[in-house]
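**Q** Test case, fold it:
(chains A and B)
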Amino acid sequence: MIPHVLYVLAAYTVVWLVLLAYLFTIARRQASIRRELEELQRTVAHRQSPGGSGPPASRVRQ
Amino acid sequence: MERGLSQPKTGVLSTLGWLDLLWLLSLVGIPTMLYLALVWAPEDAVMAELVYRATGVRDGVAQRIFYTHVPMAMAAYISFFLVFLGSLLYLWRRQIVWDIVARSSAEVGVVFTTLALITGSLWGMPTWGAPWAWDARLTFTLVLWLIYIAYLMLRSAGGGNPARTARYAAVLGIVGFFDIPLIHWAVVIIPEGMHPFIVSESRASLPPEMLFTLIVAILTFAVLALLVIGQRIRLELAREELENLQVAMDRERSAP
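**A** The predicted structure is shown next:
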């Protein structure tokens, strides 16, 4: 027979592992989006620079 | 706008400075709650008797799962209330920020409901001798979980019209919320179920130490739920900003 304390241990472990894993996936998705945003902003900045081929900032950021 | 939804009006949500406060409260609340639940609170004699009747073993330790199981359910209720509120406000104001609040809260609510069901099963095994019973409260909770799984599936299936998907999801988010009063009152309407009615309006049937631990645990997980929802909202706002920027750039590229 399984000692009851193991059920307690399992319940608390599952709760914290799942919550930590979920927070970790959110942080990873945030980091990935931040990277993409920075990349896009660099592209926009490059296009607006004197040598770049893009339109002025006021037209890109609507 | 091309995507069929109004631009995010982030307003109050744009700074999300309150997330730092929630992080701080969680850092204090989590160890406190764990100490109270696992060390300080006494083992329940009534629950030990129930366990003895079901399994023949006099052991009240499994009752400590209660301090994580009940707060999980409460955190899920808070999340689904925010889905309800966000959906109502989205249908009324048609501002995408309310849709973001609703869909972020739905995902978090499903996570907490899943954990409530798992911890409930882990508590049920030593207490009832079975991980599941078709008790009214359990069944309504399973229905709630299925409703919001359907909500998330609707969101991910999407289709070509985000505004229409958001509208349909808002209706489902509102309708689904009405399962929560059923879960709450299931133990009153159908009293022969497994769940006792432990805290009534007139008096608490728990000893003070256990009630105090339960309240601290509920507050801790409520803060944690709001924190996770805040992080999800921040993620969705960043994604929305990225998509808007990409759409604007594509438009510029295709412009003559």
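**Q** residues in chain A within reach of chain B, list them.
**A** By the rule CB under 8 Å from any CB of the partner chain, the part of chain A lying against chain B is A:1-2, A:4-5, A:7-8, A:10-12, A:14-15, A:18-19, A:22-23, A:26-27, A:29-30, A:33-34, A:36-37, A:40-41, A:43-44, A:54-55, A:59-62. For the C-beta atoms, the positions are set from N, CA and C on the backbone; glycine is no exception.
**Q** Only whichever of those are buried, select them in PyMOL.
**A** Typed into PyMOL, the line below selects the buried ones among those, using 16 or more other CB atoms under 10 Å in any protein chain shown:
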select buried, chain A and resi 4+7+8+10+11+12+14+15+18+19+22+26+29+30+33+37+40+44+54+60
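**Q** Helices - which of the residues of chain A next to chain B land there?
**A** A:4-5, A:7-8, A:10-12, A:14-15, A:18-19, A:22-23, A:26-27, A:29-30, A:33-34, A:36-37, A:40-41, A:43-44, A:59-60 (DSSP state H).
**Q** which residue packs closest to B:Leu19, ignoring adjacent ones?
**A** Ranked by CB to CB, 6 or more residues apart in numbering or on different chains and with sequence neighbours excluded, the top spatial neighbour of B:Leu19 is B:Gly230, at 4.6 Å.
**Q** separation between the one you found and A:Tyr7?
**A** Distance of B:Gly230 to A:Tyr7, given as CB to CB, to the nearest Å: 32 Å.
**Q** Also B:Pro31?
**A** 22 Å.
**Q** just A:Arg47 next, same as before
**A** Relative to A:Tyr7, A:Arg47 is positioned 60 Å away (CB to CB).
**Q** Kindly report the same for B:Ala248.
**A** Distance, B:Ala248 to A:Tyr7, by CB to CB: 54 Å.
**Q** and what of B:Val97?
**A** In this view, B:Val97 and A:Tyr7 are 42 Å apart by CB to CB.
**Q** Go ahead and flag the most central residue of chain B.
**A** B:Ala76 (1.7 Å; CA atoms, centre = their mean).
**Q** is it true that that residue lies in a helix?
**A** Yes. With DSSP: H, G, I helix; E, B strand; the rest coil as the criterion, B:Ala76 is part of a helix.
**Q** Chain neighbours aside, what residue packs nearest to the most centrally placed residue in chain A?
**A** With distances taken as CA atoms, centre = their mean, A:Gln30 lies nearest the centre of chain A, 1.4 Å away. Nearest residue to A:Gln30, sequence neighbours excluded (CB to CB, 6+ apart): B:Leu235, at 5.1 Å.
**Q** swap in B:Leu245?
**A** Per CB to CB, 6+ apart, closest to B:Leu245 is A:Leu40, 5.3 Å.
**Q** Run a quick neighbour tally on B:Leu172.
**A** 19 (other CB atoms under 10 Å in any protein chain shown).
**Q** same thing with B:Gly160?
**A** 7.
**Q** what sits against residue 33?
**A** All of this refers to chain A. By CB atoms under 8 Å, 6 or more residues apart in numbering or on different chains, the residues touching A:Ile33 are B:Leu235, B:Ala238, B:Arg239, B:Leu242.
**Q** That was the other one, I meant chain B.
**A** Applying CB under 8 Å, 6+ apart, we find B:Met33 in contact with B:Tyr67, B:Thr213, B:Val216, B:Ala217, B:Thr220, B:Phe221.
**Q** Tabulate those (TSV), appending neighbour count and secondary structure.
**A** Shown next, in TSV, are the contacts of B:Met33 (neighbours: other CB atoms under 10 Å in any protein chain shown; DSSP: H, G, I helix; E, B strand; the rest coil):
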residue	neighbour count	secondary structure
B:Tyr67	26	helix
B:Thr213	24	helix
B:Val216	20	helix
B:Ala217	26	helix
B:Thr220	25	helix
B:Phe221	28	helix
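**Q** from the residues you listed, which two are the most distant?
**A** Greatest spacing in the contacts of B:Met33, by CB to CB: B:Thr213 and B:Phe221 (12.6 Å).
**Q** Thank you, goodbye.
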